[in-house]
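> next input, structure requested:
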Amino acid sequence: MGDLAITVGDLHFTARWVAEAPHTSARVREMLPLRAKLIHCRWSGEGCWIPFGDMDFGVGFENPTSHPAPGELIVYPGGISEAEILVAYGAVDFSSKVGQLAGNHFATIFEGGEQLREMGRRALWEGAQHITIEER
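Numbering: from 1, shown residues only. This is a model prediction of the structure:
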């Protein structure tokens, strides 16, 4: 698999797939190129998310975490809260209005990480940001 090219406005990131989440990675690959809006997390702290509503990702939990590190991307596949992709830019305690959640860590940013805080600042103070995720 190739790397992921992630663009948020004029910010550019490169991420690698995580081997421990093969089913989640395969499902996300089917969605590429992904063009959406990235918004600031309501409940989870320093993260931004792409909401997918009641979409069913069709995967169970693999490589789950409730505390992704900055630069980690996780998928919440749906269930008690809406499906989403979350991009951590700082401290995250992944949760929703129904409580603590866990998401599948499927990719990690390895280039452009110094821009993560700016991505979060923009989403928080300027509103939804355009995001594109493509495989190189």
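> can you count the residues close to the spatially closest residue to residue 41 that is not a sequence neighbour?
Excluding its sequence neighbours, the residue lying closest to residue 41 (CB to CB, 6 or more residues apart in numbering) is residue 47, at 4.4 Å. Yep, even glycine has a C-beta here, placed from its N, CA and C like the rest. Neighbour count of residue 47, defined by other CB atoms under 10 Å: 27.
> could you do residue 11 as well?
16.
> wait, it sits on residue 117?
No: using CB atoms under 8 Å, residue 11 makes no contact with residue 117, being 10.5 Å away.
> mind listing the strands the one helix or strand the residue nearest to residue 41 maps to pairs with, and their directions?
Using DSSP states H and E, residue 47 sits within strand 45-51. Strand 45-51 pairs in its sheet with strand 34-40 (antiparallel), strand 84-92 (antiparallel), by DSSP bridges.
> and stretch 44-61, what's buried?
Residues 44-52, 57, 59 are the ones in stretch 44-61 that count as buried (16 or more other CB atoms under 10 Å).
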